[in-house]
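>>> based on what follows, work out the 3D shape:
(one chain, ligands or ions: 1)
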Amino acid sequence: MNLETPKKFRALVNQAHQVAHNVFRPISRKYDRAEHAYPKELDMLASVLDGFNDGNPEGGAGAAAASKSGGGNDAGVKNGANMSTLLGTIELCYGDTGLLLTMPRQGLGNAAIAAVASPAQKERLKGCWASMAITEPGTGSDSANIRTTARKDGDYYVLNGEKIFVTSGERSDCVVVWATLDRNLGRSAIKSFVVEKGTPGMEVARLEHKLGIKASDTAVIVFTDCRVHKDNLLGSEEINVEKGFAGVMETFDNTRPLVAGMAIGVAKAALERTRDLLKEQVPLDYDTPVNAGSAAAAELYRMEADWEAAYLLTLKAAWMADNRVPNSKEASMSKAKAGRICNDITLKCVELCSSLGYGEGELLEKWSRDSKILDIFEGTQQIQQLIVARRLLGKSSSELK
Ligand SMILES: Cc1cc2nc3c(=O)[nH]c(=O)nc-3n(C[C@H](O)[C@H](O)[C@H](O)COP(=O)(O)OP(=O)(O)OC[C@H]3O[C@@H](n4cnc5c(N)ncnc54)[C@H](O)[C@@H]3O)c2cc1C
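Numbering: from 1, shown residues only. So this is what the prediction gives:
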């Protein structure tokens, strides 16, 4: 395995790094304070990203580009859209996670559309900014338990239910909504529907106030007799007991490494800033045994090693997705590890820098708040560990809960 950034993606990584420094960081604090205000500075950047993705059939950036690729080149292996999206995500979250999450047309719903929509649906939904609505008041980790219903009525489905914590739920153009066709048929009856903003019966009820990623809006959306044309159902209308839920879950094999990438990006930012702030008092010397240096230096070495392990696990999960190697276990491993280390690293950096770390004069305190969500959404750390255990032990979700 070659651990260097693939040559063809170096320009993209460099551009994303520049955006992180020159676009995201300067407005980071502004939108942390102005929760729910739309970062209008991102519109121009989103257009540039669209152009970049359109011109890159096998590479790209942003959630919409992930899962485009597959297959191999002459050598039998390749780095494609999952790898380039991951590398871009790491750099952009080195800038600001909340701002990346609110980039137009790069929502989680876009990743779902890229993964499961038919070619006709993809064409029709091109350019649509899509958020993803799974979570409900009584259902989070146990997503097979959702209660939002979709009742067939001629050429339409009628949606009823409440979705909470929808990232970009207010700003996106459409929402990919999970609903059940028949609760008695269990998880295989769960389907996803694209509901366009303005559809009668769909209402954004309120926005949440949060600990971190305040630049990203998080909405509660209520569906009351909301009629959606059957062409907006993603995937097959059939209830296939064998495949049903597995189909919608496959989206996560592409998106979990991206959330891991967000964690790696914010942790990289915190580590770099801490090393810089402490360089006079805590010099790092990689030739000296750890126990001959200071305790603070030992903490930094430990965090660097943890960061590297998370980074390599995540590269592997994305590489497998690009090469169509089943990667559920590796995607969950990367998400669990990266979520944990980014929480640990960002908080430890606040601790090592103490008053500097805790004050608003630095972004360290913000990064420690922003990082917590990366260990929660797209499946909590505990749920990722459960998935890994199931895969290792060959157990189903009903056998190991
Ligand atoms: C800012 C933010 C943005 C979000 N964005 C979206 C979005 O865009 N779309 C969307 O659909 N959802 C979104 N979510 C919801 C998120 O995915 C859920 O919060 C998450 O899945 C956890 O669900 P829960 O909050 O109901 O916690 P619960 O599922 O109730 O879990 C509570 C605790 O119990 C643990 N736990 C649960 N089950 C087990 C188990 N079997 N074994 C061991 N431990 C377990 C969990 O790990 C967690 O620590 C968002 C949430 C937040 C906070």
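>>> just give me the neighbour total for Val194.
25 (other CB atoms under 10 Å). Quick note: C-beta positions are derived from backbone N, CA and C, even for glycine.
>>> what's the answer for Asp344, then?
17.
>>> isn't it right next to Arg302, touching?
No. The pair Asp344 and Arg302 does not pass the contact test of CB atoms under 8 Å, sitting 9.4 Å apart.
>>> Leu45 falls within a strand, correct?
No. According to DSSP: H, G, I helix; E, B strand; the rest coil, the state of Leu45 is helix, so it is not within a strand.
>>> grab the nearest non-local neighbour of it.
Val23 (5.9 Å; CB to CB, 6 or more residues apart in numbering).
>>> and the one you found, that one's in a helix?
Yes. Judged by three-state DSSP, Val23 forms part of a helix.
>>> who touches it in this structure?
With CB atoms under 8 Å, 6 or more residues apart in numbering as the criterion, the residues that contact Val23 are Glu41, Leu42, Leu45, Gly95.
>>> go on, Val228?
By CB under 8 Å, 6+ apart, the neighbours of Val228 are Ala150, Tyr156, Tyr157, Val158, Leu159, Phe193, Val194, Val195, Thr199.
>>> mind running it again at 10 Å?
150, 156-159, 177, 179, 193-196, 199, 201-202 (CB atoms under 10 Å, 6 or more residues apart in numbering).
>>> please apply the same query to Val176.
Contact partners of Val176, counting by CB under 10 Å, 6+ apart, are 107-113, 116-117, 125, 130-134, 166, 192-195, 232, 234, 248, 251.
>>> quick one: it and Ala295, what's the gap?
48 Å (CB to CB, to the nearest Å).
>>> and the contacts of Val23 as a markdown table, adding neighbour count?
What follows is those, written out as a markdown table (neighbours: other CB atoms under 10 Å):
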| residue | neighbour count |
| --- | --- |
| Glu41 | 14 |
| Leu42 | 21 |
| Leu45 | 17 |
| Gly95 | 25 |
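>>> which residue does the stretch 51-200 of the chain have closest to the ligand?
Nearest residue of the stretch 51-200 of the chain to the ligand (CB to the nearest ligand atom) works out as Gly140 at 1.7 Å.
>>> around the ligand, which positions in the chain sit nearby?
Neighbours of the ligand within the chain, by CB under 6 Å from any ligand atom: 108, 131-135, 140-141, 165-167, 210, 218, 373, 376-377, 380, 382-383, 386, 401.
>>> among those residues, which are in helices?
The helices, defined by DSSP state H, take in Leu108, Gln382, Ile383, Leu386 from the residues of the chain next to the ligand.
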